[in-house]
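Engineer: sequence first, predicted coordinates after that:
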Amino acid sequence: MAKANRLSKLISYLKPHLKSLYWGISALFVVNVIGVYIPWLIRDIFDDLQANFDFNRLVSYVVILFVLACIMWAIRMASRVLIFGIGRQVEFDLKQRIFEHLLKLEPAYFNTNTSGDLINRATSDVDNIRRLVGFAILSLINTIFAYGLTLPAMLFINVKLSLMTLAIYPLMLVTVQLFSDKLRIDQAEVQEKLSDISELIQEDMSGISLIKIYAQEDNERRAFSHKNQRLLKANLSLARTRNLLFPIIGGIANISLLVLLWFGTSDIEKGLITVGDFIALIIYVERLVFPTALLGFTITTYQRGEVSIDRVEAIMEVEPKIKNDVDNVNLPIENIKGNIKAVNLTYTYPNAFQPALNSLNFQINAGETVAIVGLIGSGKSTLANAIPRLIDISQGQLFLDGIDITSINLTDLRAAIAYVPQDSFLFSTTIKNNIAYSDPVGEITEVEYAAKQAQIHPEIVNFPQKYDTLVGERGIALSGGQRQRSSLARALYTDAPILILDDALSSVDNKTATQILENLKREKNKTVIFITHQMSAAQNADRILVMEDGNIVQMGSHEQLLSQEGLYKSLWQKHQLEEILA
Ligand SMILES: Nc1ncnc2c1ncn2[C@@H]1O[C@H](COP(=O)(O)OP(=O)(O)OP(=O)(O)O)[C@@H](O)[C@H]1O
């Protein structure tokens, strides 16, 4: 991204918070004015008291200085709260925008972009932008005000002394810049070693049974110790760099004070400056140490923030491929019958050489139960994903109740379809919330009804907290079959006119799977499409589509297909042989 573009992005992040920024900058200005005025006052106090000491005046000066210092402290606090607050606000806005944008993107995007990278952009990169907006802006403006106000005051007191003492300050800036590069490298190294360790812990905890079966505890312990050593080394290197930098900055500041002391005292002696002038200069020089040192960090923070703006904006620039047509048609769920028709339906995955769906033509009537069978990789899941537009299919190839699905409002289309994907994903929440995912405030009786239809109810009531039992990663471990039937219950709960099951009962025994499908068949007006490798379940469907290499090679009822030579007959014979052998 070009520099000007980045700057305009940065301004757009700040735009909603301009009022706070205005007040924050104003507060910083006032702080710096008071910060320059206090040494000036001390200068006058010294010169005044030296000429004519009076205890009462001393007390009143001390009170004035104390009040000014308190006001400065309070305003400085306010400026920090305001500007760091903007950083936090921008962080909040960006995280929200990234998440909302990711929700708009199609599943294919997440196949080509790792979740680790996306999480990194939404956390570490957003954090870098927060630092740019909070710390870098505060520090940069503070430095501008500090120099802009302090330097004239110093020059007014004595040009030669001011320039001599500050001449060494660029060295401080360069040192911090050099160190901040090293600090960044060390910090990244620590981060990398830390994620290595986290990955190992995560993997070992998931594969703990395998480690035990293969008696690999010693090997894993050694692997952990090796990674832990590397983390220790990285941490020590970071500590060394930090511990070296701050004494060097202090040393440079002290050199400039020594210069001031050396030439300043002789100037007092020569009567070129007063004692008050000298003390004010010392305070001014000290005042500039912090902003100068911070400027080095500010430049690095700014550069890092710029890279992060590019990385975050790269996500935001990805246009969702599957979106509503400009003149999309609303299709209320109560008007949907559930007829599905494909006309030369063709789909090729990006970077694939062959189409996964190769000019399919079929019609599924409303209320029909259709099984899709075929060899692995023949395109069954791709077809299932095409109907709710989870993949980007072309216009004029797939129709719902005679309407091109690419022109139907996406929310309406998806509301019409209950879909159970191959992996029965469960969220880390209660079983009730998992089933009632599409309408979390639904009645428990409806949740139970769906669970009964999916034949999981008797097992749920045996769970420790019944429907309130936590499942998913942080809950109890469910068997494959229980997970599948819970996902099925989630789909049945929505009561959509079309139900698609993608091999969703593969871990359920044949008898239960057949029973579930029988129950579904009895559901009037529901179009059911179920992809399966279980031939005993498929045989009960009204019709069966047989797929091979992205083509529908056979279509008909179980009896019709058995009477023909072809893939279906050989799949059925194989199934029967397995039954006999079992
Ligand atoms: N995201 C993807 N990117 C590229 N190719 C893919 C992708 N998903 C599937 N394919 C390919 O498309 C073809 C059809 O895959 P699909 O998953 O639809 O088959 P399937 O019949 O459902 O298989 P299974 O019975 O094993 O579930 C396969 O050759 C597969 O390798």
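Structural biologist: Structure received. Residues are numbered from 1 along each chain as shown.

Engineer: tell me the pLDDT at Ile476?
Structural biologist: pLDDT recorded at Ile476 is 66.

Engineer: any idea how far the nearest residue to Asn510 once chain neighbours are set aside is from the ligand?
Structural biologist: Of all residues beyond its chain neighbours, the one nearest Asn510 is Ser536 (4.8 Å), with distances taken as CB to CB, 6 or more residues apart in numbering. Placement of C-beta: from N, CA and C, glycine included. Ser536 sits 17 Å away from the ligand, going by CB to the nearest ligand atom, to the nearest Å.

Engineer: equivalent analysis for Leu390, please.
Structural biologist: Computed with CB to the nearest ligand atom, the distance linking Leu390 and the ligand is 11 Å.

Engineer: quick check: the residue lying closest to that residue once chain neighbours are set aside vs the ligand, distance?
Structural biologist: If you skip the residues right next to it in sequence, Leu390 has Pro107 as its closest partner in space, 5.5 Å away by CB to CB, 6+ apart. From Pro107 over to the ligand the distance is 8 Å, taken as CB to the nearest ligand atom.

Engineer: quick revisit: quick check: the residue nearest to Asn510 touching Thr514?
Structural biologist: Yes - in terms of CB atoms under 8 Å, Ser536 counts as a neighbour of Thr514; the distance is 5.9 Å.

Engineer: got phi/psi on the residue of the stretch 101-250 of the chain found nearest the ligand?
Structural biologist: Closest approach between the stretch 101-250 of the chain and the ligand, counting by CB to the nearest ligand atom: Asn111, at 5.0 Å. Asn111 has phi and psi values of phi -80, psi -30 when expressed as degrees, to the nearest 10.

Engineer: where does the stretch 401-550 of the chain dip in pLDDT?
Structural biologist: Along the stretch 401-550 of the chain, segments meeting pLDDT under 70 span 472-476, 523-524.

Engineer: which parts of it are strands?
Structural biologist: In chain order, the stretch 401-550 of the chain shows strands spanning 403-404, 417-420, 498-502, 527-531, 543-548, with DSSP state E, counting those that start in this stretch as the criterion.

Engineer: summarise which helices and strands the second one is packed against.
Structural biologist: Looking back up the chat, that one is strand 417-420. For strand 417-420, the contact count by 3 or more CB pairs under 8 Å, 6 or more residues apart in numbering; DSSP states H and E identifies helix 480-493, strand 498-502 as packing neighbours.

Engineer: with distance to Ala136 and mean neighbour count added, can I get the ones you listed in JSON lines?
Structural biologist: Shown next, in JSON lines, are the helices and strands packed on strand 417-420 (distance: least, CB to CB, whole Å; neighbours: other CB atoms under 10 Å):
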{"stretch": "helix 480-493", "distance to Ala136": "47", "mean neighbour count": "24"}
{"stretch": "strand 498-502", "distance to Ala136": "49", "mean neighbour count": "24"}
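
Engineer: for these, could you give me JSON lines that also reports distance to the ligand?
Structural biologist: Listed next are those as JSON lines, based on distance: least, CB to the nearest ligand atom, whole Å:
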{"stretch": "helix 480-493", "distance to the ligand": "14"}
{"stretch": "strand 498-502", "distance to the ligand": "7"}
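
Engineer: quick check: which of these is nearest to Val126?
Structural biologist: Of all those, the one in closest proximity to Val126, counting by CB to CB, is helix 480-493 (32.1 Å).

Engineer: can you give me how far that closest one is from the chain middle?
Structural biologist: If you compare the mean C-alpha spot of helix 480-493 with that of the full chain, they lie 28 Å apart, counting by CA atoms, centre = their mean, to the nearest Å.
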